[in-house]
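>>> Based on what follows, work out the 3D shape:
(2 chains, ligands or ions: 2)
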Amino acid sequence: MQTQQSRNIIVTENLGKSVKTSNGTLHILSDINLLVTFGESIAIAGESGSGKSTLISLLAGLDTPTAGSISLNGKSLTSMDEDGRAAMRNQLVGFVFQSFQLLQGLTALENVMLPLELRGDKTAKSAAVALLERVGLSERLTHTPRQLSGGEQQRVALARAFVSKPAILFADEPTGNLDSKTGAKIIELLFELNLENNATLILVTHDQTLANRCQRIIRLDAGRMV
Amino acid sequence: MKPLGLAVRLLWRDSRAGELTILFLALLIAVTSSTAIALFSDRLERTMTDQTAEFLAADMVITSHATIPESWLEKATQLNLAQAQTAEFSSILIEHDELLLAGIKAASANYPLRGFLKTTTSDYLAETIEHQGPEPGFAWVEKRILSALKLNLGDPITVGEKKLVVSKIITYEPDKQGDIYSLSPRVMINKQDLQATGVIQPGSHVHYFFQFSGESSQLTEFKRWLKPQLNLAQRILDIHEDRPELGSALDRAERYLGLSSIVVIIISGVAIAMATRRYTERHLDATAILRCLGCKQRDVLWLFVSQFLILGLLTSALGCALGWFVQEMLFKLLRNLLPQSVANPGWLAVFLGLITGMTILIGFALPPLLRLKRVSPARVLRRDLEPLPTSAWLVYGLAFGIVGVLIWQYTEDLNMTVTIFCAGLVLLLILGLLIYLILILARRSLPIMPLNWRFGLQGLLRNNRATISQILAFTITLVAMALSFTVRSDLIENWHKQLPERAPNHFALNIFPEQLPTLQTDFKEQGIEGSQFYPVIRGRLTEINDVTVQKIVSKDSQGESATHRELSLTWTENLPEDNKIISGTWWSPEKKGEVSVEQKLAESLKINLGDQLLFIIGGQQLTATVSSIRSLQWDTMKPNFYMIFSPGTLESFPGTFLTSFYLPDSKKTYLNQLVKKYPAVTVLEVDLILKQFKTILTQLTEAINYLLYFALMSGFTVLFSAIYSTLDNRIYESALLRTFGANRSLLRKTHIIEFTLLGLVSGVLAAIISEGLLFALYSKALNMDYHPTLYLWIALPLIGAFAVGLAGCWGVRHVANIPPLRVLRDS
Ligand SMILES: Nc1ncnc2c1ncn2[C@@H]1O[C@H](COP(=O)(O)OP(=O)(O)OP(=O)(O)O)[C@@H](O)[C@H]1O
Ligand SMILES: [Mg+2]
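Numbers count the residues shown, from 1 in each chain, chains lettered A, B, ... in the order given. Ligands and ions are numbered 1, 2, ... in the order given. Model (predicted):
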C-alpha cells in the first residue's frame, strides 16, 4: 500500500471544472481520472479549446477544481488552502510555458535564482549559475529578458524550472512561440534535463511527433478523456 | 525567502525602467511642498509673533488697576519668565505757565522685554536704540512736550511732586497702544521715582502693565495657571486679541497656507492613486509568475508593500530635504521684506513632512496595490484572468480618512474638519452621479455619431471604471487648483482694499469745536486728505432696558471691557464708509434719540433693536433707542465707533472732534507746525504700525504666490499619471484598430476627441464643485465676502479640454507609429 502510493505521483478522481457564464454553466473539464507514476512522461493532446491548459493548471495547483479531487505525491491538493498549494508548487513542481513568463525586471540569473530564493536556499546563486551553464547561457547571466531572443528566453525558463529539482515538470506548448529549428533544440534540452533530474513530465502539445516521444498520450475532447 | 533583497532589486529595476517616475514625482512634490509650507508658515508665524510681540514690548502682559499678588510673580520666576513692569497714568504738567495733560509711564528695569525704544537728543542726530528706560532722576519726553511746555533738553520737569531732568526725546515706544482716543503725549520716568511723584493714591487712575517673556510652552502654562485667578479688572493681553488688524490678516494667511498644503496633498494623492493603478496593472503578470513559483499571497503583498515603503521613505526624505531648501529660498527671496532676525526653522516641521509623505502614500497607494494580492496564479496560462479591483469603499474610504486627518491636523478645528469632510463627501457623491449620467447620455448618443466621434466615445465607454476615475481625478485637480487660485487672488485683493496706497496714517484728537473751522481750512490748504471730522463725547453705558449692564455681560467678553471704561460716542448724519447695517435701518435726518450699535458689542451685551440704552455722560443721563446694528471693518485705520447717535441727540454735551488723515513721509514736518498752532490737539502717528502691517501683508502675498506653483506642479503630475494609467490599454486597442485598417489620421482624431471630451467634462464638473466649495470656504473658514466667480465657468472647461487634450495626445503620440504586430505580440 505504502509503496503503491509513493509510486503514484499524481492521482485524480472524477476531476471536473465548470464556470458560470451568462449563458449558463460551462463544463470545461469533466470526469478526469488520471494516474501518473513517478518518472513517467505524459503528453496531453487535443484540439484547441479542449481543456488542456485547464487540466494542467488544476494538476499543478494553479487553480481549484469544481468537482473531484487531486493528490500530488500522496497529499491531497484539494484540501489545501492557497498558501499550502503555493508551498507545494515551490517544493514539487516546475513550469515551462508557451510565453516564457520570465520576470521582465530581473536578469537571467536572478530569474533562475528566484524559486530557490523563495525557499530560502543559500546556494541559490551557485545552483542557478550551474544550470544556466548547462543550458548554454553562461555568457548571458546579467541580461534581462528583453535582451534575449525567444529561444534564449525559453532556455532561461527551462533552467528556472529545473533549478529547484522538481518532481514534476509541467510544460504547456513550450515551443508554441518558436520557429521549428529552435523549438526542436528546446525540446531536446527539455528531455535531457528531465532525464537527468528523473522528473515526471506532463507536456501539452499539438505536435504528434513530439507527443510520440512521451511514454503515454492522453487525448482530450471537449473536456473529456478519450 | 529573502523578501527585502528581492524587493530592493525589483524596485531598482523598476525605477530604472521608468515605471516609478510619476509615482516618485507625485510623492516628491507632495512631501516637498507640505514640508516647505509647514516649515515656512511655522517660521513665518514665529517671526511675526516675535515682531508683533514688540507691540506689547513683551510676549504676554497682564493689565490691572492695582498691583498683582506677589505669588503670580513668583510663579513667573519659577517658570523662568523674564519680567518687567510699567505703570501708566495721566497727569497735568505745568511749566512756564503752560498747561498740558501728559501720559506718564513709569518703567522698571528690563523694560522693554521685546523690541526697543528709540530716542534722540536733537533733531539733527540719528535716533539711538535703547533697551532700557530712563535712569532714576531723569525723564524722557516726546517732542511735543518740549514745544508745548517751552522746555529744552536738560531742563527740569516736575511730575506730581517729583522734579526730574529731561534728558532725551522719545521717538519710538513699542507698546504705545490701547485706547488711542485717550492717548496724550508721553513722559517716561523710572519706576523707582514713581512713589516720589505722590500721584499714586487710593482712587487714582493708574494702569499697571506686568510684562513677561520666555519660552512659549512656559508662557502657555503660566497663562493657564493664571486665568482662573484674574479678577474683573485684570486682563491678559496677547497678540491675537489685542492687535485685531494684524490678527485677522495672520489668521487668514495661516489658513490659506494650510489650505494650500491640503490642496497639494489632495492633488498629489490623486496622482499617486492613478500612478499606483498603472503600476498594479503592469505588475499583474509578474505577480502571477511569483505566485506560480510558490510565493504565498502574504509574501507577494509584502514584497510590493515593502517596495512602496522603501520608495516612500527615500522619496519623503528627499522631499523633506528639498522642502527645507525651498523654504530657505523663500526666505532668501523675501529677505528684504522680513525683519533682521528670523526665527529658526523647526525640526518638528521636517519630521511632520516625513510623516505626511508616508501617510499620503499609504492612504492613496495601498488600496490599488491590494489588488495584487488577489492575482490568480492561473494567470500564467490565461492572461485574461484579472483580479477584481479593490472595493471602491476601501479606496475612497481610506483616501477620505487620510485627507480628513490631514485637514484636522492643519486646521486644528474639529468643527471645520467635519464640515469640510461632509461637504466633500456630498460633492463626491453628486460628482459620481453626474459622471454616471453623462456616461449614460454618451452611450445613448453613440449610434448617431460620425465614425471618429464614435471611436473616441467608445474609447471612453469601453473602460467605464478607468474613465470615471480619470474624470474624478481631473475634476478634483481642477477644483483644487481653481480654489487655491481664486482664494489667493481674493485674499490679496482684500488686503489691498484694506490698506490702500493713501490709507490714513495719522489721527488728530482733542480738537475743540472752536478750532474746527480753522483746522479744516488748514488741512485743505496743505492738501491733506482725511476722513470726516467726528465729534467725540465720552460716556459710559450703564443700563439696557433698565437692567444694569454688569448683570448682563459675561466675564472676559468684549462687552465686559466696554462697560468698564468710557466709550467714545459720536453722532453723524450719514453712515460712515466701511460700516454696514446688519439689521434695522439708518435714521432719516429728523429722527432724534436713536443709536446704532456695533454688531459684536451688541452680541456680547445682548442688545437688540428697539432696546433702551441708558448712558451717563458727564454726570448727566441720556436714553436712546437702538435703531440699527452695524458691522465695521476694524482692520482699517479709520475712526471707528461702537455707538453712533442720530443728529440732535448729543449736541448739548461738551465734546471734541477727531479725524484721521494721510500724511506722506515728505510732509512729516507739518506735524510740528500743527502741534504748535493747536497745542491741545493730540496727533497720533500710526504710520509706523501701518508700515509694519503693510510689510507683513506683502510678505504673505509673496509667499502665497510661490505656494501656487506647488499646486500647479502637482496638477501636472496628475495629468500625466492619469493619462498614463490607461496608456497600455490605448496602445493595444490602437494597434488592433490599425490591423483592421484604421489609418493614423483617424486614430489621431479619435484620440483628440477622446481626451478633449474627457477634459471638457471634467472642467464643467470642476466649475460646479468649485463654486460650491468657494461659497462654503468664504463664509465658513475665511470670513470673506463671497461673489460668484463667473470666469471659472469659462476658464475651467477650456483649461480642462486644452490641457487634457494636449497631454493626452502627447502621451499617445507614439502609439500610431509602433508597428501593430509588435504591440500585439508583446502583450
Ligand atoms: N475561467 C474561464 N472562464 C470561461 N471560460 C474558460 C475559463 N477557463 C477556460 N475557459 C474555456 O474553457 C475552454 C478550454 O480552455 P483551455 O485554455 O484549457 O483550452 P486549451 O485546450 O488549452 O486550448 P489551446 O490549445 O487553444 O490552448 C476554452 O473554451 C476556454 O474558453
Ligand atoms: Mg492552452
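
>>> and the end-to-end length of stretch B:580-598?
End-to-end distance of stretch B:580-598 (Cα to Cα, to the nearest Å): 10 Å.

>>> List the buried residues for that stretch?
Neighbour counts over stretch B:580-598 (16 or more other Cβ atoms under 10 Å in any protein chain shown) mark B:584, B:586, B:587, B:594, B:595, B:596, B:597, B:598 as buried. For every residue, glycine as well, the C-beta is placed using N, CA and C.

>>> Please apply the same query to stretch B:517-529.
B:519, B:522, B:523, B:528.

>>> Among the buried residues of stretch B:580-598, which one lies nearest to residue A:130?
residue B:598 (91.0 Å; Cβ to Cβ).

>>> Quick check: residue B:472 vs residue B:718, distance?
To residue B:718, residue B:472 is 11 Å away according to Cβ to Cβ, to the nearest Å.

>>> residues shared between the contacts of those two?
Counting by Cβ atoms under 8 Å, 6 or more residues apart in numbering or on different chains, the shared contacts of residue B:472 and residue B:718 are residue B:270.

>>> out of those two, which sits in the busier spot?
residue B:718 (30 against 21; other Cβ atoms under 10 Å in any protein chain shown).

>>> my guess is that one is in a helix, correct?
Yes - secondary structure of residue B:718 (DSSP: H, G, I helix; E, B strand; the rest coil): part of a helix.

>>> for it, what are its contacts?
Residue B:718 touches B:26, B:267, B:268, B:270, B:271, B:274, B:473, B:474, B:477, counting by Cβ under 8 Å, 6+ apart.

>>> Mind checking which of those are in strands?
Judged by DSSP state E, the subset of the contacts of residue B:718 located in strands is empty.

>>> quick check, nearest of those residues to ligand 1?
The shortest approach to ligand 1 among the contacts of residue B:718 belongs to residue B:274, at 28.9 Å (Cβ to the nearest ligand atom).

>>> dump the residue contacts of the closest one.
B:22, B:469, B:470, B:473, B:718, B:721, B:722, B:724, B:725.

>>> Tell me the confidence at the nearest residue to it once chain neighbours are set aside?
Among residues not flanking residue B:274 along the chain, residue B:721 sits closest, at 4.1 Å (Cβ to Cβ, 6 or more residues apart in numbering or on different chains). We have a pLDDT of 80 for residue B:721.

>>> Of all the helices and strands in the chain, which has the lowest average confidence?
The chain I'm using is chain A. Lowest by mean pLDDT, DSSP states H and E among the helices and strands of chain A is helix A:2-7, with a mean of 52.

>>> sorry, should have said chain B
For chain B, judged by mean pLDDT, DSSP H and E, that is helix B:239-242, with a mean of 52.

>>> Would you check how far apart the closest residue to chain A within the stretch 151-300 of chain B and residue A:174 are?
At 2.4 Å from chain A, residue B:294 is the closest residue in the stretch 151-300 of chain B, using Cβ to the nearest Cβ. Applying Cβ to Cβ, the value for residue B:294 to residue A:174 is 20 Å.

>>> Return the distance of residue A:126 relative to residue B:346.
Per Cβ to Cβ, residue A:126 is found 53 Å from residue B:346.

>>> Those two: which has the busier surroundings?
Using other Cβ under 10 Å, the more surrounded residue of residue A:126 and residue B:346 is residue B:346, with 14 against 11.

>>> show me what contacts that one?
Neighbouring residues of residue B:346 by Cβ under 8 Å, 6+ apart: B:39, B:42, B:43, B:46.

>>> Go through these and say which is closest to residue B:749.
Checking the contacts of residue B:346 against residue B:749 by Cβ to Cβ gives residue B:39 as the nearest, at 48.3 Å.

>>> hmm, back to that, the residue of the stretch 151-300 of chain B closest to chain A is in contact with residue A:92, isn't it?
No - between residue B:294 and residue A:92 there is no contact, the gap being 9.1 Å when judged by Cβ atoms under 8 Å.
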